[in-house]
Structure formats: structure tokens, C-alpha cells
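**Q** Prediction below, plus the sequence it came from.
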Amino acid sequence: MEQEKKDRNLGDEWEGWSGEIIESEKEINEKVWLFLFFYITSILILNLIIFIIYYFISPRLIQINPLVDKIVFWIVIFVFSIIYVWTFLLILTILFKKDFIIVKTGKRLSIEFLLTFIYRIAALFKISKDRIGNSYIKINNDYIFISKLKKPITNLLVLLPRCLDRETREKVLNVISKYNCKVFTATGGSSARQVVKKEMPDAIIGVACERDLISGIADSPKNIPIIGIANKRPEGPCKNTTIDIDELEKAIKFFLNIK
């Protein structure tokens, strides 16, 4: 196992990798509903935890002032009502392939702050963070495809990992040159952030493992739409990975408004 780790340059997100290559995760292909299930479950659990906390502090709040207790209660109700309504609209959007989310905080989904909690809940069911991440990335991609762009993207950046095998890299570069897109091979999260800051793209297509994609999406400005393409890892992470070339071309044509 130690030899498996030494024959590749591990990315930041894989530093704790044991060297074990899990057969079922060489090519992950989860449905969007996997993430949605654990997302909703996590929201319900958080809701329960908050109300339990409120239950225990309510007598103290009443002692301070009954009005303070009511204000705290209604703030909790208001916040979770917004979360539930937004979640319902997201489900409708994914289900009917039509954008029902009227109020947006950016040009993509921005719920990465809940992922750590969702990972922990999923782990209780022996669902790995990579499977959850794969499902989340598909939801993010679906949301961007469903949200119509107001105008074609003129400054599209494609970020590639260093771990693609030679044949896949050649195919990827051929597709990118066909559409004359900017391309950069990131050696890590910091280098990717630097090139995004330098190029200031209108949109990004990120090719990487689920862990790096989610980290990159979270670190990027919310006004930049990002489509993530998760790689396949037949030899484990960070070595000779592949991707679906058609998926990459579909993303490029979407951003460039090419039918």
C-alpha cells in the first residue's frame, strides 16, 4: 500500500489516503437524489438540534425578557422556513428541469458549508464522501444547465488536473483547441485559485476528483458559474485518471452557446 502512494503525486485533498484502491469507487456514478436525501436529512437533524437548544435556553430568555424569547423563537422559525422553501424549489428545479429558484445568491449552488455535516451523516450509512461529492457535483451541474445564461461566455477557462493519463489528456486538449478555450493544468488548489484570480474568467469547467472540485467550487467567486467533471480513477487517485470526453464537450458547447 505504501508503494501505491509513492508512485504518484498526491493532491492536497488525498494526503490522508491509505493507499487502498476501492473497486466500487474507481468510477463513481451517483444519482442526484443521493445528495438530496442526505442534505434534507441533515437539515432536519440540524433543525431538531436547534430546537432542543432553544428548549433548554428558553426559560433563561424568558427571565431576561419574554420578548427576547419570542424574537429568538421566530428567528429560528423564519430561518428554517426559508431553508425548507429553498430546498423545495431546488427539488422542483431538478425534477422538472426548470429554474424555480427566483432569489439567488450567485450563479451556482452555494451549500458547501453544509458538506462536512452531510459527510458525517452519510458515513453512518457507510456512504463515502466521494460518492456524496459525485452526487453534489451533478446537482450543481444540472442547476447551471437549467439556469439559462443571459449571454454566451467569452472568457471560458478549463482547469485540468495533472493526473490525466496521456491518451485522455491528448483527447481533452484536442477538444479544447477545437473551441479555442483557455486551459490550465493545476498542480494543486492554490495554483488553480491563482490562475482564476489572474484570468478572471466568465465561467469555469473544472476537471478533477470530487474532493478537489468541491474545494475549488467553494473557493471561487459566487458570480462565476462552474461545471465540474469528476474523473475516473481506475488506478486510484492522482494517477492515470480519465474522463468522459463527451461530457467535457457538452459543457464547453453550453457555455459558448453552440448547438
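**A** Received it, and whenever you're ready, just let me know what you need.
**Q** Tell me how the protein divides into domains.
**A** 22-148, 151-259 (automatic domain parsing).
**Q** Now tabulate these in a markdown table and tack on mean pLDDT.
**A** Below are the domains of the chain laid out as a markdown table (pLDDT from 0 to 100):
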| stretch | mean pLDDT |
| --- | --- |
| domain 22-148 | 92 |
| domain 151-259 | 92 |
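**Q** Settle this for me: residue 196 is touching residue 220, isn't it.
**A** Yes: between residue 196 and residue 220 there is a contact at 6.0 Å, judged by CB atoms under 8 Å. To be clear about C-beta, it is placed using only N, CA and C from the backbone, and glycine gets the same treatment.
**Q** what do the two both touch?
**A** residue 204 (CB atoms under 8 Å, 6 or more residues apart in numbering).
**Q** if I look at residue 188, how far off is residue 102?
**A** From residue 188 across to residue 102, the span is 38 Å (CB to CB, to the nearest Å).
**Q** What segments of the stretch 151-259 of the chain are strands?
**A** Remark: strands assigned in the stretch 151-259 of the chain by DSSP state E, counting those that start in this stretch are 156-161, 182-186, 203-208, 226-230.
**Q** Show me the helices in this structure, by range?
**A** Under the criterion DSSP state H, the chain contains helices at 2-6, 32-64, 66-96, 115-123, 129-146, 166-178, 189-199, 210-219, 245-255.
**Q** For the third one, enumerate the helices and strands it packs against.
**A** Identification of packing neighbours for helix 66-96 by 3 or more CB pairs under 8 Å, 6 or more residues apart in numbering; DSSP states H and E yields helix 32-64, helix 129-146.
**Q** Tell me which of those helices sits most buried.
**A** Counting by mean count of other CB atoms under 10 Å, helix 129-146 has the highest mean neighbour count of the helices and strands packed on helix 66-96, with a mean of 22.
**Q** That one vs helix 245-255, what angle?
**A** 40 degrees (axes from the mean of the first three to the mean of the last three CA atoms, to 10 degrees).
**Q** nearest residue to residue 25 other than its sequence neighbours?
**A** Spatial nearest neighbour of residue 25, chain neighbours left out: residue 130 (5.8 Å); criterion: CB to CB, 6 or more residues apart in numbering.
**Q** Okay then, goodbye and thanks.
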